[in-house]
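**Q** Here is a sequence with its predicted model. Questions after.
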Amino acid sequence: MIFGRVKPLDAILAAAERKSLHRTLGAFQLTLFGIGSVIGTGIFVLTAAGAQKAGPGLMLAFAIAGAICIVAALCYAEIAAMIPVAGSAYTYTYSTMGELLAWTVGWALVLEYAVAASAVSVGWSGYFTGTILNQFLGIQLPVWLSAGPLALGGVAGGFINLPAVVIALLVTWLLIIGTSESAKVNAVLVGIKVVALTAFIFLTFGKIDTAQFSPFLPAGVFGGFGTGVGAVGAAATIFFAYVGFDAVSTAAEETKNPQRNVPIGLIGSLLFCTVFYILVAAGAIGTIGGQPIMGPGGVPFPAGSEELARQCAMPQHAQALVCSNEALAHVLRTIGFGKIGNMLGIAAFVALPSVILVLLFGQTRIFFVMSRDGLLPNALSKVHPKWKTPHVVTAITGAAVAFAAAFLPVGALADIANAGTLYAFMMVAIAVLILRRKEGHRPRSFRTPAVWFVAPATVVGCIFLFFNLPSAAMLVLVIWGAIGLVIYYLYGYRTSHVGQGRVEVLTDDAIDGITH
């Protein structure tokens, strides 16, 4: 049963051709889509949370996460070019390992995209309240309107993060209007982010004090499975900053010449962004330091925890990097570039919505394809007659993202998002190996080099990082997966098109028209 109901590749391509999304995106737009997601999530938002876990070892954490992402991206590039339809890891698993496992992957992708979008919405709120309202307008938003409750890792007196809710809903509206329009806005925002971070690197590298890097690994390289601390624990958290290249693969069905453009978008965005991560982290820590606030036994307080929130409220920690809600702007203000710091805060305020946009884009396309396969209600795959977008599922997803952003802190959201991300990446690597065996005759415009090393390395790396997440985040994936299985057997198992024998297969001529 677990490997039953495998959907043939020909049927997947046929379904996409029969009920398809409009192809509007080129290689350059795809690369910008990837950069739009990657640059921002880890740097503007998670720098503080990563430093709390690893201190200056955050730079090593970026390298560890980047290395695992590189091998995962190589697997994604081959399979996304070979199966250029929406659905990402869900679709790839359906064609190789069957419907049940495909459902678990699609369900896990909710944690990757929707929860990550909530995390970035919270990060944007920090820049909005700190730079725009406080620094420029002199307005202090009431605590109860700008942060979640202390019991959930927010701040004392906090109740709801209203700015995070507002930005999540605004981006949802933009996505409903149309993909092409969203891509054009994203291209402008990516340019703003790259200029802002280049300026940050230039200014901070002139003021780096090497003493700030000592001790380099205050929590060690490996803090222990389930602890979420140390360089590896930080890598497990900031790994979700790299989901941009995964979101590129979900856009394959809306891409012109996907066999060429999807690999370019995947690998190009990843390589470009990894360099920026390490350079910006070095500048931030080398100037004002990034040592974690230690708890009992010399172990850092958990990022996004009530205990850390209490420590950050104390005067001696108020200016620490690990306590900042707008880390990079805070760094520049501290080293004497207050006006430029405020400008960077504006850049984050303007540009972070592009990250939310790409993450929401990916999530809605996963649900769109699951609905198209009959595993979710058909209403979710309705395409708007004017805007040509899946407007129903986009609205539902946006509302859920806004709800999570209202009450939870960025650190906790990032860890939850990673649990789903790592599971999905692992399944893609397995799918590449299976397709090499089962569908070796099919043309591949991009072939993963040394696949018998790269794919297993991806599997091992993902499992290793998963067990370095905080135990609570690992437990969330288990509970979420159990809920998903209940939904599948109550609804999806009975309504599945494959289960009902409703499988449409293209002719050889039609297949050739899609794959070439």
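**A** Great, that's in hand.

**Q** Could you check how far the residue positioned nearest the centre of the chain is from residue 472?
**A** Nearest residue to the geometric centre of the chain (CA atoms, centre = their mean): residue 243, 3.7 Å. According to CB to CB, to the nearest Å, residue 243 and residue 472 sit 20 Å apart. Glycine gets a C-beta too; all of them are placed from N, C-alpha and C.

**Q** State the distance from residue 416 to residue 422.
**A** 12 Å.

**Q** let me fix that: residue 489
**A** With CB to CB as the criterion, residue 489 and residue 422 are 25 Å apart.

**Q** Those two: which is more packed in?
**A** residue 422 (29 against 12; other CB atoms under 10 Å).

**Q** Following element in sequence after the strand or helix carrying that one, please.
**A** Applying DSSP states H and E as the criterion places residue 422 in helix 410-438. Next in sequence after helix 410-438, counting helices and strands by DSSP H and E, comes helix 451-466.

**Q** If you count neighbours, what's buried in that following helix?
**A** 451, 454, 455, 457, 458, 459, 461, 462, 464, 465, 466 (16 or more other CB atoms under 10 Å).

**Q** Closest one to residue 199 out of those, please.
**A** Of all the buried residues of helix 451-466, residue 199 sits closest to residue 465, with 31.7 Å by CB to CB.

**Q** Now do the contacts for that closest one.
**A** By CB atoms under 8 Å, 6 or more residues apart in numbering, the contact set of residue 465 is 65, 68, 232, 235, 236, 239, 418, 422.

**Q** gap between the closest residue to residue 171 other than its chain neighbours and residue 25?
**A** Of all residues not flanking residue 171 in the chain, residue 356 sits nearest, at 4.6 Å (CB to CB, 6 or more residues apart in numbering). Computed as CB to CB, the residue 356 to residue 25 distance reads 18 Å.

**Q** With residue 286 instead?
**A** For residue 286, the distance to residue 25 (CB to CB) stands at 38 Å.

**Q** neighbour-wise, which of the two wins?
**A** Taking other CB under 10 Å, residue 286 and residue 25 do not tie; residue 25 has more neighbours (25 against 21).

**Q** The more buried one is in contact with residue 264, isn't it?
**A** No. Counting by CB atoms under 8 Å, residue 25 stays clear of residue 264, with 11.5 Å between them.

**Q** what is in contact with the two at once?
**A** Counting by CB under 8 Å, 6+ apart, nothing touches both residue 25 and residue 264.

**Q** got the contact list for the residue lying closest to residue 217 once chain neighbours are set aside?
**A** Computed as CB to CB, 6+ apart, the closest residue to residue 217 that is not its neighbour in sequence is residue 57, at 4.4 Å. Counting by CB under 8 Å, 6+ apart, residue 57 touches 216, 217, 218, 219, 221, 230, 231, 234.

**Q** just checking, next helix/strand downstream of the helix or strand harbouring residue 31?
**A** Following DSSP H and E, the helix or strand that holds residue 31 is helix 27-40. Per DSSP H and E, the first helix or strand lying C-terminal to helix 27-40 is helix 47-54.

**Q** Run through the neighbouring helices and strands of the following helix or strand past that following helix.
**A** Later in the chain than helix 47-54, the nearest helix or strand by DSSP H and E is helix 58-82. For helix 58-82, the packing partners by 3 or more CB pairs under 8 Å, 6 or more residues apart in numbering; DSSP states H and E come out as helix 47-54, helix 230-238, helix 244-250, helix 258-288, helix 410-438, helix 451-466.

**Q** Save these as a markdown table, and put in distance to residue 209 and mean pLDDT too.
**A** Below are the helices and strands packed on helix 58-82 laid out as a markdown table (distance: least, CB to CB, whole Å; pLDDT from 0 to 100):
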| stretch | distance to residue 209 | mean pLDDT |
| --- | --- | --- |
| helix 47-54 | 16 | 89 |
| helix 230-238 | 21 | 90 |
| helix 244-250 | 32 | 66 |
| helix 258-288 | 6 | 83 |
| helix 410-438 | 27 | 88 |
| helix 451-466 | 31 | 94 |
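
**Q** circling back: got the buried residues of helix 451-466 as JSON lines, with distance to residue 177 columns?
**A** JSON lines is the format used below for the buried residues of helix 451-466 (distance: CB to CB, whole Å):
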{"residue": "451", "distance to residue 177": "40"}
{"residue": "454", "distance to residue 177": "39"}
{"residue": "455", "distance to residue 177": "39"}
{"residue": "457", "distance to residue 177": "41"}
{"residue": "458", "distance to residue 177": "36"}
{"residue": "459", "distance to residue 177": "39"}
{"residue": "461", "distance to residue 177": "38"}
{"residue": "462", "distance to residue 177": "35"}
{"residue": "464", "distance to residue 177": "41"}
{"residue": "465", "distance to residue 177": "36"}
{"residue": "466", "distance to residue 177": "37"}
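
**Q** Could you report the separation of residue 413 from residue 169?
**A** 17 Å.

**Q** Sorry, wrong one. I was asking about residue 232.
**A** 36 Å.

**Q** neighbour count winner among these two?
**A** More crowded of residue 232 and residue 169, by other CB under 10 Å: residue 232, with 27 against 16.

**Q** Now do the contacts for the more buried one.
**A** 61, 64, 221, 222, 223, 464, 465, 468.

**Q** is it true that the last one lies in a strand?
**A** No. Under DSSP: H, G, I helix; E, B strand; the rest coil, residue 468 falls outside any strand and is assigned coil.

**Q** So for it, what's the nearest residue that isn't a sequence neighbour?
**A** Spatial nearest neighbour of residue 468, excluding adjacent residues (CB to CB, 6+ apart): residue 236 at 4.3 Å.

**Q** Number of residues surrounding residue 93?
**A** 27.

**Q** likewise residue 296?
**A** Neighbours of residue 296 (other CB under 10 Å): 7.

**Q** Quick check: pLDDT value at it.
**A** We have a pLDDT of 83 for residue 296.

**Q** Quick check: phi and psi on it?
**A** phi -60, psi 140 (degrees, to the nearest 10).

**Q** in the stretch 251-400 of the chain, which spans are strands?
**A** Using DSSP state E, counting those that start in this stretch, the stretch 251-400 of the chain contains no strands.

**Q** can you give me the helices in it?
**A** 258-288, 306-312, 327-334, 338-372, 391-407 (DSSP state H, counting those that start in this stretch).

**Q** who wins for proximity to residue 138 among those helices?
**A** Here helix 338-372 is closest among the helices of the stretch 251-400 of the chain (CB to CB), at 12.6 Å.

**Q** the inter-axis angle of that closest one versus helix 410-438?
**A** In terms of direction (axes from the mean of the first three to the mean of the last three CA atoms, to 10 degrees), helix 338-372 departs from helix 410-438 by 50 degrees.

**Q** Now helix 338-372: buried residues?
**A** 340-372.

**Q** ok, now which ones touch residue 27?
**A** By CB under 8 Å, 6+ apart, the residues touching residue 27 are 257, 260, 261, 264, 265.

**Q** What's the separation between the residue nearest to the fourth one when sequence neighbours are not counted and residue 34?
**A** If you skip the residues right next to it in sequence, residue 264 has residue 27 as its closest partner in space, 4.4 Å away by CB to CB, 6+ apart. The span separating residue 27 from residue 34 equals 11 Å under the rule CB to CB.
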